[in-house]
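Model the structure of this input:
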Amino acid sequence: MAASGTITKAIRTGYQMRIVWSTTQSIANNTSSVTAKVQLVSTGSSYTINSSATKNGTLTVNGTKYSFTFSAALSGNQAKTLYTKTVTVAHNADGSKTCAFASTIGINVTLGGTYYGDVTASGNGVLDTIPRATTPTMSASTVNMGSSITINTPRASSAFDHTLTYTFGKATGTIGSGIGTSKAWTVPLTLANQIPSGTYGTCVITCKTYNGNTLIGTKTVSFRANVPAAVVPSISSVGTVET
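Numbers count the residues shown, from 1 in each chain. I've put the predicted structure just below:
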């Protein structure tokens, strides 16, 4: 994955065509602003092009084609930008995106005794994945029922909020909705009813991340919930009676 890259096509010794691309992300919108430049490049001082005619070219970014005109005149050791285009590219639901690039330039010049007409460069850029669903964490790995624990929700964008629910045995419930970066929650003492013959159990917290009304994704975290000693059944003495 990358935030920028270069696709190179060798025309002949000393000459190249390049597509140079770079990106900036919008985490909230799950999109990237992609800027692509088409360049004609000389790799040495003696590699020049003398041409005054207007040439035609195309650039395709993520399936959309754009046309442009350019001059093929080139100085030695020059990386000449023929065309620049910035477009907004939507990422997949999981934040990933592979963007296709292609460009054809009709240089229509003779280099080293050989005529070159259309030159094409193409390739794919794997864009940096945009973080999406929040991965929740707990302030502690163990807590007594009836006590408070904090659920941390480090969201990828301030536009995101969360709905938190819990499951313990057969008991389920909603902790809250519209939650930003954290939520303090008192673990219900009534969860002890789910483990009549035990002193602890695993509570699973489900975190759903939303951008407005759009569900971004769902992730879970768990912790150990202990029955407080004050409510654990105990035997103070054992008596026997002769039959």
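
gap between Leu111 and Lys80?
Distance, Leu111 to Lys80, using Cβ to Cβ, to the nearest Å: 15 Å. C-betas here are computed from N, CA, C, even on glycine.

cool, Gly63 as well?
Taken as Cβ to Cβ, the span from Gly63 to Lys80 is 27 Å.

and Leu164, what helix or strand is that in?
Per DSSP states H and E, Leu164 falls inside strand 160-168.

Pull up the pairing partners for that strand, direction included.
Using DSSP bridges, strand 160-168 pairs in its sheet with strand 171-179 (antiparallel), strand 200-211 (antiparallel).

Export those strands as JSON lines, with columns for distance to Met145, mean pLDDT and mean neighbour count.
Shown next, in JSON lines, are the strands paired with strand 160-168 (distance: least, Cβ to Cβ, whole Å; pLDDT from 0 to 100; neighbours: other Cβ atoms under 10 Å):
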{"stretch": "strand 171-179", "distance to Met145": "11", "mean pLDDT": "98", "mean neighbour count": "14"}
{"stretch": "strand 200-211", "distance to Met145": "9", "mean pLDDT": "96", "mean neighbour count": "19"}
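
Would you tell me which of the ones you listed gets closest to Val143?
strand 200-211 (8.7 Å; Cβ to Cβ).

Residues touching the very next helix or strand once past the closest one, excluding its own?
Sequence order places strand 214-226 as the next helix or strand after strand 200-211, per DSSP H and E. For strand 214-226, contacts defined as Cβ atoms under 8 Å, 6 or more residues apart in numbering pick out 94, 132-138, 140-145, 149, 151, 160, 168, 187, 191, 199-210.

What are the boundaries of the helices in this structure?
Counting by DSSP state H, one finds no helices in the chain.

about what we covered before: tell me the average confidence for the strand holding Leu164?
What strand 160-168 shows for mean pLDDT is 98.

ok so, going back, compare the strands paired with strand 160-168 and give me the one nearest Ser4.
Ser4 lies closest to strand 200-211 among the strands paired with strand 160-168, at 26.4 Å (Cβ to Cβ).

For the most centrally placed residue in the chain, give its distance to Ala36.
Per Cα atoms, centre = their mean, the C-alpha nearest to the average position across the chain is that of Ile130, at 1.6 Å. Distance of Ile130 to Ala36, computed by Cβ to Cβ: 19 Å.
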